[in-house]
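1. Here you go, sequence then predicted model.
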Amino acid sequence: MLFNSRVVALILAIVVAGVTTAFLSLVPDVTVQSLLVAGLLSFAATYLLVFVTFEFLVFKEIGEIYKVLNKMRNKDFSFTESEEDASTSTNPLKRINREILTFGVNRNKEIEDLRKLEVFRREFLADVSHELKTPVFAAQGFVHTLLDGAVDDKKVRKRFLKRAAKSLDNLDSLIHDLLTLSQIETGEIKMHFEHFDIVVTAREVIDQLENKAEKKGLTIRMDTSYPDPIFVHADAIRIYRVLVNLVSNAIKYTDKGSIQVGFEVEDDMVQVFVRDTGVGIPPEDLDRIFERFFRVDKSRSKESGGTGLGLAIVKHVVEAHNANINVVSTVNEGSNFSFKLPIGQSTAEMEEEAKLELEMMSQDR
């Protein structure tokens, strides 16, 4: 550094000593010896004062700022903990140093987040393009086969048209799930909370998927009889979709045994669970099963169909209800998916509550 603390102190000391000596020389009867002593004293005092001030309060902190910038340039943030007390310092340069550090750390975090987002975007686009191509190519292959001559055979034509229709149905389901997931994430779909009997909802789901389970030789039922209704406060349509996705997923990954849907009332919450006796989920995959297009067993998913977005939708819908989806699974024994919803009120209870409120209002009048 061209101007360090010693150079600055020397220049200022010479200037101050010169000015002091010049003024003293204007005083009558001042001896040369007195001027010399005054000049030396002012030089020494100024040099020490300026040197100490600049060395420990200015140049040292500027040097620290320079070191911080160099470390930030090299993406080395290991020094952040040692700088924690800088924000309470009275030295303005230390505070500037801290601000530069904070700014650099925040910008670095933003850059890392953008990089992760870019990686995620590329993976997502690759997954979407792959998932879209599968049903499109399948339908395209069936149609071209028909055009190449198979259309003349009535049985072959019917079989190929059914397969093409199934591929297009899968494509429609994939696009619908993608749109649903995107709308939930962006907040375009709002949850419409209401009080409803979740036992009735679960039985409707079982009725809808019972035939699908029977084709695999599985039984799907409630874990016990529920003679009394269980009311929850949630979005009935979205919770119905959550149960459909969970039960469909259980059917897909269960080869023998049963799927059970049940509830446990805990204080002011209702725990909803879907339990199966399927293949289970390896421990290393438990943290990833709610990711888009992630499949534990890709070959099974390919045979059974599905968009690979069912559990991702489940996660987002449940989180929109300020809850978490939990899973406990053992390989070759089965899985248990569960989440909690706030307990609701029946129509009679709401009417009674409204009646009491009206009575209280009339008494206040």
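-> Nice, I can see it. Numbers count the residues shown, from 1 in each chain.

2. how close does the spatially closest residue to L309 that is not a sequence neighbour sit to A45?
-> Distances taken as CB to CB, 6 or more residues apart in numbering place D177 nearest to L309, at 4.1 Å, with adjacent residues excluded. Yep, even glycine has a C-beta here, placed from its N, CA and C like the rest. D177 sits at a distance of 80 Å from A45 (criterion: CB to CB, to the nearest Å).

3. What average pLDDT does whichever strand or helix holds the residue nearest to L309 get?
-> Using DSSP states H and E, D177 falls within helix 154-186. Averaging pLDDT along helix 154-186 gives 75.

4. again, but for stretch 74-87
-> 55.

5. ok, now stretch 34-48?
-> Here the average pLDDT along stretch 34-48 is 89.

6. As PDB, could you dump the C-alpha coordinates of it?
-> Written as PDB, here are the backbone C-alpha positions of stretch 34-48 (Å, rounded to 0.1, in the frame of the first residue of the first chain):
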ATOM      1  CA  SER A  34      12.800  26.900  22.000                       C
ATOM      2  CA  LEU A  35      11.600  26.700  18.400                       C
ATOM      3  CA  LEU A  36      13.600  23.500  17.900                       C
ATOM      4  CA  VAL A  37      12.200  21.900  21.100                       C
ATOM      5  CA  ALA A  38       8.600  23.000  20.200                       C
ATOM      6  CA  GLY A  39       9.000  21.600  16.600                       C
ATOM      7  CA  LEU A  40      10.400  18.300  17.900                       C
ATOM      8  CA  LEU A  41       7.600  17.900  20.500                       C
ATOM      9  CA  SER A  42       4.800  18.800  18.100                       C
ATOM     10  CA  PHE A  43       6.400  16.400  15.500                       C
ATOM     11  CA  ALA A  44       6.600  13.500  18.000                       C
ATOM     12  CA  ALA A  45       3.200  14.100  19.500                       C
ATOM     13  CA  THR A  46       1.500  14.400  16.100                       C
ATOM     14  CA  TYR A  47       3.400  11.400  14.700                       C
ATOM     15  CA  LEU A  48       2.400   9.100  17.600                       C
END
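
7. Check which residues of that stretch are buried.
-> In terms of neighbour count (16 or more other CB atoms under 10 Å), stretch 34-48 has its buried residues at L35, A38, G39, S42, F43, T46, Y47.

8. still on that earlier bit, buried stuff in the next helix-or-strand element following the helix holding D177?
-> Using DSSP H and E, the next helix or strand after helix 154-186 towards the C-terminus is strand 194-197. For strand 194-197, a neighbour-count test (16+ other CB under 10 Å) marks H195, F196, D197 as buried.
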